[in-house]
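**Student:** Here you go, sequence then predicted model.
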Amino acid sequence: MQQKKCLLFLFLITFVFSLPAIAEYVDNSDGTITDTNTGLMWQKYGNGYAVSYQSAEIYVESLNWGIYSDWRLPNANELKDIKEYIISLPTFDGNEGYWTNQVDPLGGPSCVCFIDHGTSVEVLLAWCTTARVLAVREPQEEPGDCNGDGAVSIDEIQKSINCYLSLENACCDKCDLNSDGTVSINEVQKVINAYLGK
C-alpha cells in the first residue's frame, strides 16, 4: 500500500511540474498589461488595424504609450505566449496576424497568425503583407534597485540619499529616475516609496 502511495505521489508531482504556466495579466490602468509569467509589458489593445511592416516599425519607434517610449515589435514566441490574451480581445475577428521583429525564411518580414477554427485557435508563423501591431517592452527594474535583485532595500535608500548629497557616484544612474544627471529629493522619495511598496 505504501508503494502505491509513493507512486501516486511521484505521478502527481511529475504531472504538476509538466503543466504549462497559467498566464495571468495585470491591467496597469494606463493602456498596458503585464504578463506575470514573463514580466513583459504589452499594449492593451495594440494599434487596432492592419498596416504594412514599414508602418508597423514607424508606429513602434514613435510610440509613446503610458509613460514609456521603449516599445518594440515582439518576437514570434512572445506573441505565441500571449495567445489566450489575444483571442480574448474584443477586436479579435478569428483570423488575424500580428507583426514580429523576425524575418521569414525568404528574408521578408513575418507575422504570427491566429486562426479560429471554432473549437481551437491555430497559431502560425507566416509571411504577411499587412498585420496588426501589439507592441511590447522589457520588464523594468524597480526604481533605485542598485543591485538588480528586483527589490529596494534600506542600503539602496541610503545609496540614493548619498547620491542626492553627492557623497558617492556609484550606481547613482539607477537613482536618477528622470535621467537628468542628478538625484533630487523627489527621486529619493520615489526610492523610499518603492521600498515601502507605495
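**Tutor:** That came in fine, so what should we check first?

**Student:** CA atoms for contacts and neighbours, from now on please.
**Tutor:** Fine.

**Student:** which residue is nearest the middle of the chain?
**Tutor:** residue 40 (1.1 Å; Cα atoms, centre = their mean).

**Student:** Show the contacting residues for that residue.
**Tutor:** Listed by Cα atoms under 8 Å, 6 or more residues apart in numbering, the contact partners of residue 40 are 34, 136, 137, 138, 139.

**Student:** Mind checking which of those residues are buried?
**Tutor:** For the contacts of residue 40, a burial check counting by 16 or more other Cα atoms under 10 Å picks out 34, 136, 137.

**Student:** Isn't the last one up against residue 72?
**Tutor:** What it means is residue 137. Yes - counting by Cα atoms under 8 Å, residue 137 does reach residue 72; the two are 6.2 Å apart.

**Student:** Give the bridge partners for residue 122, please.
**Tutor:** Beta-bridge partners for residue 122, by DSSP bridges, are residue 115.

**Student:** can you check the one 5 residues further on too?
**Tutor:** The residues paired with residue 127 through beta bridges, assigned by DSSP bridges, are residue 110.

**Student:** what sits against it?
**Tutor:** 104, 108, 109, 110, 111 are the contacts of residue 127 under Cα under 8 Å, 6+ apart.

**Student:** Need the max-distance pair from the residues you listed.
**Tutor:** Using Cα to Cα, the two most remote members of those are 108 and 111, lying 10.0 Å apart.

**Student:** Looking at those two, which is more packed in?
**Tutor:** Under the neighbour definition other Cα atoms under 10 Å, residue 108 and residue 111 were set side by side, and residue 111 has more, 29 against 12.

**Student:** how about that one, what does it touch?
**Tutor:** Residues near residue 111 by Cα under 8 Å, 6+ apart: 76, 97, 98, 99, 100, 102, 125, 126, 127, 128, 131.

**Student:** swap the cut-off to 7 Å and go again
**Tutor:** 97, 98, 99, 100, 125, 126, 127, 128 (Cα atoms under 7 Å, 6 or more residues apart in numbering).
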